[in-house]
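S.K.: Attaching a predicted model along with its sequence, questions to come.
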Amino acid sequence: MSNKDYYSVLGIEKSASKDDVKKAFRKLAHQYHPDKQGGDEQKFKEIGEAYSVLGDDKKRAEYDAYGRTFNGGGGPQAGGFDFSGFDFGGFGGQQGGVEFDLGDMFGSFFGGGRPRARRGRDISIDIELTFKDAIFGVERRVLIAKVGTCNTCNGSGAKKGSEMVTCTTCNGAGKVHETRQTMLGVFSTSHECTVCHGTGKVPKEKCPTCSGHGVMRKEEEVVIAVPAGIENGEMIRLTGGGEAMQGGTPGDLYVKVHVKEDKRYRREGADLVRTLEIKLTDALLGATHKVDTLDGELSVKVPQGVTFGERLRVKGKGIPTRGSSRGDLYFEINIHMPGKLSKAAQKAMETLRAEGV
């Protein structure tokens, strides 16, 4: 995750349009290109990093919302930048009569020229948990309608018993190369084959269930292992739990957790706190209270002379943390003061006052 301000890197406002982002990138990339006199390779990479996020609507929305992206953006370590949607017609051409491919040039700076992996769409769902399930963890099974791998052909797109053959459109390369002549010179580009989706193979006979796509919309049961101690609003990421894509890897599933409130408890880090109502005589003389807790019934010993707001600690009955350890459970004392005393009780209180209590 990068902490850079990508808008400042490109010198634009946060309200800038997609066209403004592209124009700013073109201007700065031309200015700082390492092959130019006065170029700056580090600055050039930084500009490319900013454009890879702000030039993509989905990544830009994630960056604006969370200060990061979840899918390949935010730094070269994520596996390279995708400049496939950008028109580099403003730069380049021929250097000394030699044709060059700007896509390859940028690839050499960002990710070693490796092709960007195809991924299915990320999806998100919301689940609601009881306070107790959030504390101790729980397994939830959810039925989701999404694009998934075809069960008949297991994603190959081929009819059962049929073989895969070389794609005639790309001759098995998985890519289609195009060359075009412009006033600035000859530009060579390549893009993924739309017939085989980059695999280089196509089914000889298509699967009748998915019509040869290898994926189809269907309902799938997803098992969500909710960890102990999860808090309200936290996200669980299930890698590969999103939508499938032919010739690529599935996206991810993001599960947002909503925890129901429990009027008895509040969380303080790994500890739980609840109020224990006791009588005035319990505070003066001490007592034992049986209390129903998340772990079942507990006997809580109230010491003689306990004061209002004092906390009684029960070790290891709080929120689970790493391994088998847990925080603590605290009972915060609230002394119930009687509103009206009987004559006998009033006489007893007067006796106590005479004793200096």
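M.R.: Structure's in. What do you need?
S.K.: the bottom helix or strand of this structure by mean pLDDT?
M.R.: Ranked by mean pLDDT, DSSP states H and E, the helix or strand of the chain with the weakest confidence is strand 98-99, at a mean of 37.
S.K.: tell me the domain boundaries of this protein?
M.R.: Listed by automatic domain parsing, the domain ranges of the chain are 1-116, 121-151+214-260, 265-354.
S.K.: Using TSV, please lay out those domains together with distance to E163 and mean neighbour count.
M.R.: Using the backbone N, CA and C atoms, a C-beta is placed for each residue, glycine as well. Putting the domains of the chain into TSV (distance: least, Cβ to Cβ, whole Å; neighbours: other Cβ atoms under 10 Å) gives the following:
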stretch	distance to E163	mean neighbour count
domain 1-116	26	16
domain 121-151+214-260	15	16
domain 265-354	51	14
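S.K.: so which of these comes closest to T169?
M.R.: With Cβ to Cβ as the criterion, T169 lies closest to domain 121-151+214-260 of the domains of the chain, at 13.4 Å.
S.K.: Quick check: mean pLDDT of that closest one?
M.R.: In this model, domain 121-151+214-260 carries a mean pLDDT of 93.
S.K.: mind checking the end-to-end distance for stretch 131-142?
M.R.: From the first residue to the last, stretch 131-142 extends over 19 Å; the measure is Cα to Cα, to the nearest Å.
S.K.: Equivalent analysis for stretch 331-351, please.
M.R.: First-to-last distance for stretch 331-351 - Cα to Cα - comes to 31 Å.
S.K.: again with stretch 204-218
M.R.: Taking Cα to Cα, the first and last residues of stretch 204-218 lie 25 Å apart.
S.K.: all helices of the stretch 51-200 of the chain, in order?
M.R.: In the stretch 51-200 of the chain, helices defined by DSSP state H, counting those that start in this stretch lie at 57-66, 102-109, 131-136, listed in chain order.
S.K.: which of these has the lowest average pLDDT?
M.R.: Comparing the helices of the stretch 51-200 of the chain by mean pLDDT, the weakest confidence falls on helix 102-109, with a mean of 46.
S.K.: mind listing what V306 touches?
M.R.: For V306, the residues meeting the contact criterion (Cβ atoms under 8 Å, 6 or more residues apart in numbering) are 278, 282-283, 286, 312, 333.
S.K.: Among the residues you listed, which lie within helices?
M.R.: Taking DSSP state H, the ones among the contacts of V306 that sit in helices are 282-283.
S.K.: Kindly reformat the contacts of V306 as TSV containing distance to S211.
M.R.: Output for the contacts of V306, formatted as TSV (distance: Cβ to Cβ, whole Å):
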residue	distance to S211
I278	71
D282	74
A283	76
G286	77
L312	67
I333	69
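S.K.: out of the contacts of V306, which one sits closest to H30?
M.R.: Checking the contacts of V306 against H30 with Cβ to Cβ, the nearest one is L312 at 70.3 Å.
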